[in-house]
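S.K.: I would like to see how this sequence folds:
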Amino acid sequence: VEIMHRGDPMDGLIYPAKKIPPVAKNDTEQEKASQNVTSSKSDPLLKPNMETTPVSLSSDFKAKVVSILLKYSSGLWAHALPKVYHDAYQVKFPEDVLNNLELLSDVCIVDYVSEVPRKAILYAKPQRCIDENLNVTEKVKRHDGVKATAEQQYEESKDQYPENITVPSLIVPSEGSVSIMVLELKNTNEVLIRQVYYSSAQEQMEDEMKAYYSQNSTVSPAQSLSVGQLVAVHAEEDAWLRARIISLEDNRVYYVDHGSTEFVESNSVCRLQKQFQLLPFQAAKCKLAGLEAFCDDPVLVKAVESQTCYKIFAVEILEKSDTPLLVLYDTSGEDDININATCLKALYDKSLELHLQVDALYTNVRVTSVSSDGSLYCQVPSKGLSKLSEILQKLEDYFLYKQTSELNVLLPFCGKICLFPSKGKWARVEIKIIHTRRALDVQFMDSGTVATVKVSELKEIPPQFLREVIAIPPQALKCCLADLPPNTGMWTPDAVLWLRDAVISCPEFSMKVIKQDASKGIAHIYLFAPENFPDMDHSINRQIKNADLWKHQKDVFLSVTPSGPSSTKAVGNAASTLQLSSGKLEKSFPDSGREPSSAVSTIDMPPPLPLPKPGDLMDIYVSVACHPGHFIVQPWNELNNLYALMEEMILYYSRAEEKPVNIEKNKLYAAKIGDEWYRVIIKGILRNGYLSVYELDYGKHEFVSVRKVQPLLDTFRRLPFQAITAQLAGVKNQQWSEEASIVFRNLVEKKPFVAQIQAVNDSTYSWDRKIVTFLVDTSLPHIDTWIHDFVSQSLVEFSKGD
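M.R.: Sure thing, here's the model as predicted:
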C-alpha cells in the first residue's frame, strides 16, 4: 500500500507484492519485457529495500522525466517517452511505467485521449518546486520504508543541517505571464510581493513541515541561535513556517515566505531541516517603475497601498535584479489597467483639475484632435492650462543650454511620461504601445493625439522639473458631439474628414455641455463656431447631422471562382465571427486564397522569393498552421529584414495623414491589423466598410476596416513576400479531424524548424506557390525530431478514430 498524501488519510494505492512484467504479444515483446525487469542498465526505479513495491519511482527518475517534458511545451505522447528517454540518457526506460502513468502524476499532467492507457499526452507541471518537494517527500517516506527510528532521523538531520543555509533564488519564469500578490509596502521602491507561480508549492511545503514537526517529538527547539539564522517556527493555528531571526533580545523573527514580522516564544523555534530548504523564499521586494522619484510620498504610497495590497496582478518585468523593476496590471476587468500609471495620478494638483459642468457654456475652446470614431479632444482655458504653459516655457529655456542626449529614454515602458518635441516646442506624452525597440505609440497628454514615434525622439523629464510636470493633470478633455442620429453607428471616412476640416478651419470654438458619461470619461457637447454661438441650428452638430456623410459603401458580393475565395458565405457577420481555426479557415477559403493568374499585375509585385530545390535543407519559421496539409512557413534568414520593413511601415503610416483610398480587389495595400502594419492583397469587399485581406508575409486571412487600409508605397515592395504555403511530406493527404489539427498546430505553429524539401510547385504569384517538405525539430541537444513520424504514428490514427 502506498499512501498518496493528497489530503485524505485513506487515499492510497494497492499493488501486487512482486514485479510482474507487462503481457507481451510476441516473443520480441516478451524479450523486451524481460529485459526491462532484469537488465542492469535499466534506470534504478526502485528505492532501497523497496523491491516488493515496484511502483515507488525514484526522485532521480522523475527529475529526468520532468527535464524531458519541459522541452516539449506542447506535450509529449506517452508512447514516445521511452525512445526520447533512452536517447537523452542512454538508459532504457522501464516500459511497465507506461501501463500505469498515474505513477508520474505528481510530476506531470497525464491527458488520456482514449481508453488505451498508453494513448495519452504528458505535460510537465508548471510548478517546478512542487516536483522538488515531492522528491523530498519520497526521501522522508524512504526512512519510513526502512523503519528508521526517530532518534536516527534526528541524528541524520543534525548532520545534514549546515550552519550557513543557502536557499535557491526565486526564479522568474522566462516564458508566459507572471502573476504576483502584493503583501505590503513601505514605499514604492520596497513593495513586498509573492509569486502566484509558486503558491501551491508553498502550501505543500508548509503542510509537510506541519506533518514533520508535529509527528517527530524528538525534534527539540533549536539551540545557539544567531541573528540571520533560518529556522522553523511553530506559529498561530498550529502552522509551521520558515523564518529568519532578526533579533535575539525580543525573539523577533521575519517569516521569509509571508513577509511579516512577529515576536515568538523561544521554545517554538526549531532547526530548519534540509528538505525544507529547497523552495526559494516566497516573499520578495520589487520597485514600481515610474514612481521611483516619489517613492516616499505619503499620498502616493497610500494610493498604491489601497490599489494593490492583497490583490493579484499580472506584471511586466523591466529589470531582473535583486529588487526587480515592475509594472503592475489589473487584468480582472474588461480592460487591463496599468496600476503604476493609475497611482501616479494621485500626485495631480487637485486645484488644477478642470471639471466640466452640465449645461455650462465655455468659450475660447480649442479642438486639438479628432479620432476616427468621431470623438474629439478639447482644451478649455483654465488654471491648469496656464500652469502648463509656464512649466513648458521653463523646459524650453532649460534645453537651450543643456545637451538633450543626457536625457535619452533608455527604458521605455507603457505608462511612462516623457517629453517629445512637437512643432518646435516640448510636449508631454505618455507611452501607450511599444511596437519594437525603435518604434512606439504615444498619446499627447494635453492634446489627445496618438502618434507613432521613434524611441530616440523621446526625452526624460529633467529631475528638477519632474514633480511640477507630473502634478499638472492632462489638459485635453475627451468629448463627443451630442444628439447625432441614433443609427449613425460607425463614422464614415467622409464624416471624419468633414469634422477634421471644420475644426482646422477655426482656431477657437464655443461649446455647451449636454451630459457627462463618467464611466467612459467623455462629455457630450454641442460645438459652435464663435459667430454661431449659441444658435443650435448652426452648431457643428446640426451641420454634420444634415450633411450627406453617413452612407457607407454599398455591399459588394463577390462571385465564386474555381480558385477564388468563397466570399459570398463570409459576407455579413464575417468581420465579427471569423475564427481562424483549422477546418473553419479552409471552409471560408478553400484554396488558400489563390486567385486566377490574370487577376494581379506583375508590375506591382516585388521580386519573387527564391525557393529551394527538392532535397535542399532550409531554416524556416512556421507562422500559421492549419493542419499537416496546409501551413505557412517563412525563411528564417529573412525574418530580420521583414521585422525591419514592418518597423518602417509602422513609423511611416502612423504619421501619414489618413486619406480615402480607392479599394480594388486583387490589388496590393498596407493594412493596420492590431497594432502592426502588414502588406496585404484585397480578397473581397464586404459590407459595413470591411475588407477581406490576405497577409502576404504571414499567410493569414483577416478582416479589416477600410479606414485601416492605405496604399503600399514602392519602397515597401522591394522585399519579396515571405509567406510560403507548405504541406507536410511523409504523410498521406487526407481530411484531418479538428482534434488532430489542434495538436498539430500546437506542435509546430510559431516555432523554428529545419525543412527538407521534397517537392516544389512554383508559380508567378506567391499565394499559388507551394512546397512539400519534411519538418525537423533540432532544438534538443541529442535528438532530432521528425514531425512526420509523430503525425504518422499519432495524428493519422486520431483522425481515423473520428
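S.K.: care to break the protein down by domain?
M.R.: What the record gives for the chain is the domain set 60-124, 178-342, 348-546, 616-796, from the TED database.
S.K.: ok, of those domains, where does mean pLDDT dip lowest?
M.R.: Of all these, the minimum mean pLDDT falls on domain 60-124 (a mean of 78).
S.K.: what sits against residue 292?
M.R.: Contact analysis of residue 292 by CB atoms under 8 Å, 6 or more residues apart in numbering lists 188, 189. Bear in mind the C-beta positions are built from the backbone N, C-alpha and C, glycine included.
S.K.: same thing but at 7 Å, please
M.R.: By CB atoms under 7 Å, 6 or more residues apart in numbering, the residues touching residue 292 are residue 189.
S.K.: where does it fall, phi/psi-wise?
M.R.: Torsion angles at residue 292 (phi, psi; degrees, to the nearest 10) stand at phi -60, psi -40.
S.K.: distance of it from residue 344?
M.R.: Here the criterion is CB to CB, to the nearest Å. By it, residue 292 lies 11 Å from residue 344.
S.K.: Going by secondary structure, residue 760 is in what exactly?
M.R.: Assigning secondary structure by DSSP states H and E places residue 760 in strand 751-761.
S.K.: and that strand, which strands flank it?
M.R.: When sheet partners are counted by DSSP bridges, strand 751-761 sits next to strand 617-627 (antiparallel), strand 770-777 (antiparallel).
S.K.: and residue 224, which of those is closest to it?
M.R.: Judged by CB to CB, the one of those that comes nearest to residue 224 is strand 770-777, at 55.2 Å.
S.K.: mind listing the strands for the stretch 651-800 of the chain?
M.R.: 668-673, 676-685, 690-695, 701-705, 709-711, 724-728, 751-761, 770-777, 785-786 (DSSP state E, counting those that start in this stretch).
S.K.: What residues sit buried inside stretch 315-326?
M.R.: 315, 316, 318, 324, 325, 326 (16 or more other CB atoms under 10 Å).
S.K.: Same check on stretch 309-316?
M.R.: 312, 313, 314, 315, 316.
S.K.: Could you do stretch 227-237 as well?
M.R.: Neighbour count says stretch 227-237 has 229, 230, 231, 232, 233, 234, 235 buried, by 16+ other CB under 10 Å.
S.K.: partners of the strand or helix carrying the fourth one in the sheet?
M.R.: Element membership of residue 232, judged by DSSP H and E, is strand 230-234. Taking DSSP bridges as the criterion, strand 230-234 sits next to strand 240-247 (antiparallel), strand 269-271 (antiparallel) in its sheet.
S.K.: sorry, back to before: make TSV from the buried residues of stretch 315-326 and add distance to residue 682 and secondary structure to it.
M.R.: Formatted as TSV, the buried residues of stretch 315-326 follow (distance: CB to CB, whole Å; DSSP: H, G, I helix; E, B strand; the rest coil):
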residue	distance to residue 682	secondary structure
315	41	strand
316	36	strand
318	40	strand
324	46	coil
325	45	strand
326	43	strand
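S.K.: Go through these and name the one nearest residue 709.
M.R.: Proximity to residue 709 was ranked across the buried residues of stretch 315-326 by CB to CB; first place goes to residue 316, at 31.4 Å.
S.K.: residues touching that closest one, list them.
M.R.: Per CB under 7 Å, 6+ apart, neighbours of residue 316: 326, 327, 413.
S.K.: what ranges do the helices span in the stretch 251-400 of the chain?
M.R.: Using DSSP state H, counting those that start in this stretch, the helices of the stretch 251-400 of the chain run over residues 298-308, 339-344, 383-400.
S.K.: The nearest residue in space to residue 624 that is not next to it in sequence: neighbouring residues, count only.
M.R.: Distances taken as CB to CB, 6 or more residues apart in numbering put residue 632 closest to residue 624, at 4.2 Å, once the chain neighbours are dropped. By the measure other CB atoms under 10 Å, the count of residues near residue 632 is 23.
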